[in-house]
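S.K.: Kindly return the folded structure for what I paste below:
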Amino acid sequence: MSLTLEERFERMKDIRNRILQFKESPLYQYRLDNKYFPVVGEGSHTAHIMFVGEAPGKNEAETARPFCGKSGKVLDEMLESVLLNRSDVYITNIVKDRPPENRDPTPEEIKLYAPFLDEQIEIIQPRVIATLGRFSMSYIMNHLGLSAQVGQISELHGKEFVAKTDYGSVTVIPLYHPAVALYDGSNKATILSDFQVLKKYI
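M.R.: Numbering: from 1, shown residues only. A predicted model of the protein is given here:
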């Protein structure tokens, strides 16, 4: 079922409001104590391509914007390499609140926040979901019935996997998290190469 722009906006707003009051989350009090914001997502509600990361960092939690720190600069560079702007795509994370000390999200946190991501996918109905990092790759592939093909991100990055959804087929493309380019500059060329597969979906 296709949604109007207004319906998409209202449903996204409802998700944001629920996350703001998400007291069931173990990250809720940490957010309040640090005067952080939840990071719901950013971009076009009719995007063909959706990027899904893991969880916000400090910069993101302070601004309520996904990928706005050093990793975000790498992501912007990769988007430019395939002639995309942030406004053309939708960028979000599985976990919407920052875990302490930038640690990995726990299985419990992923389970708690994942239903919000599932709703966002239903609202946007992307043709492509590009996962950024191993946590989002594992969640999305398992959620969309691709469990048998889940493996190490080092083996799956840049490959395309087609899944079925209620609104039609979607292609899942696992990508390394942009942060890996910050830890080891030699990874940047790999990420850049993997991004080129997105050109056919623009």
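S.K.: got a list of what Ser193 touches?
M.R.: Gly158 (Cβ atoms under 8 Å, 6 or more residues apart in numbering). Just so you know, the C-beta spots here come from the backbone N, C-alpha and C atoms, and that holds for glycine as well.
S.K.: what about the helices in the chain?
M.R.: For the chain, the helices defined by DSSP state H cover 5-20, 28-33, 58-63, 70-81, 107-124, 134-143, 153-156, 179-183, 187-195.
S.K.: which one of the ones you listed has the lowest average pLDDT?
M.R.: Sorting those by mean pLDDT places helix 179-183 lowest, at a mean of 86.
S.K.: What is that helix packed up against?
M.R.: helix 70-81, helix 187-195 (3 or more Cβ pairs under 8 Å, 6 or more residues apart in numbering; DSSP states H and E).
S.K.: Give me the contact list for the first one.
M.R.: Meaning helix 70-81. So helix 70-81 is contacted by 51, 57, 59, 66-67, 85-86, 89, 91, 132, 177-179, 181-182, 188, 191-192, 195-196 (Cβ under 8 Å, 6+ apart).
S.K.: Of the residues you listed, just the buried ones, PyMOL syntax please.
M.R.: Selection command for PyMOL covering only the buried members of the contacts of helix 70-81, criterion 16 or more other Cβ atoms under 10 Å:
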select buried, resi 51+57+59+66+67+86+89+91+132+177+178+179+181+188+191+195
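S.K.: rewinding a little: which of the helices and strands packed on helix 179-183 is buried the deepest?
M.R.: helix 70-81 (a mean of 18; mean count of other Cβ atoms under 10 Å).
S.K.: Centroid-wise, who is the farthest residue in the protein?
M.R.: Asp33 (25.1 Å; Cα atoms, centre = their mean).
S.K.: which ones are touching that residue?
M.R.: Residues counted as contacts of Asp33 (Cβ under 8 Å, 6+ apart): none.
S.K.: just use 30 as the starting number from now, easier for me
M.R.: In the new numbering, first residue 30, that becomes Asp62.
S.K.: Pick out the residue nearest the middle of the chain.
M.R.: Val81 (1.4 Å).
S.K.: where does that one land on pLDDT?
M.R.: For Val81, pLDDT reads 98.
S.K.: wouldn't it be in contact with Val124 here?
M.R.: No. Using Cβ atoms under 8 Å, Val81 is not in contact with Val124; the gap is 10.6 Å.
S.K.: Return the set of buried residues in stretch 154-162.
M.R.: For stretch 154-162, by 16+ other Cβ under 10 Å, it's 154-155, 157-162.
S.K.: any idea of the mean pLDDT in that stretch?
M.R.: Averaged across stretch 154-162, pLDDT comes to 97.
S.K.: who touches it?
M.R.: So stretch 154-162 is contacted by 31-32, 76-83, 104, 119, 150, 166, 169-170, 173, 182, 194, 196-197, 199-208, 227, 230 (Cβ under 8 Å, 6+ apart).
S.K.: can you check stretch 137-145 too?
M.R.: The contact list for stretch 137-145 (Cβ under 8 Å, 6+ apart) reads 44, 47-48, 51, 53-56, 69, 84, 123-126, 128, 134, 164, 168, 172.
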